[in-house]
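> quick one, fold the following:
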Amino acid sequence: MSLQRTTAFIYFLVLAGAAALNYIPGVTDENGVAFGIFALDIFDDALHAASALWALIAAVLSGRAARTFLVIFGALYLGDGLLGLATGSGYLDFGIFNNGVLDLPFGFKIMANLPHIGLGAVALAIGLIGRRE
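Predicted coordinates:
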């Protein structure tokens, strides 16, 4: 299996895990916040589950499908994370439209947006510079 297909499958596992966070006892506190940072709701869970399904389908279909997934997913998640870092709100969950710019501590914004920045950057890099099939 190619690097891109393997990466897409790993993204399936990571995103399925993110979608499951709210349903694992002890991961969220009494306010529904995971790891003291993320307040994931049903919309976030659905977004992560849909992304996981997309990653799995791409990994199973072909190297080209995996590459397309990695480039599009990477650009979307990286952009969302960078916007969240700058404004405290992302666009994938419509936060920037519903909440606008939030005055949050910069350290908190880094921790809250690091998953999307990291996942997006790695996906985009592997999708763009990985060997084509």
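
> use CA for all of it now, contacts and neighbours both
Noted.

> just give me the residue right at the centre of the protein.
Nearest to the mean C-alpha position of the chain, by CA atoms, centre = their mean, lies residue 116 at 4.6 Å.

> surely that one meets residue 80?
Yes. Counting by CA atoms under 8 Å, residue 116 touches residue 80, with 6.9 Å between them.

> before we move on, the earlier item: separation between the residue nearest to the centre of the chain and residue 75?
Here the criterion is CA to CA, to the nearest Å. By it, residue 116 lies 10 Å from residue 75.

> same check on residue 20?
Where residue 75 is concerned, residue 20 sits at a distance of 23 Å (CA to CA).

> these two - which one has more neighbours?
residue 75 (19 against 14; other CA atoms under 10 Å).

> sec struct for the more buried one, please.
Classification of residue 75 using DSSP: H, G, I helix; E, B strand; the rest coil returns helix.
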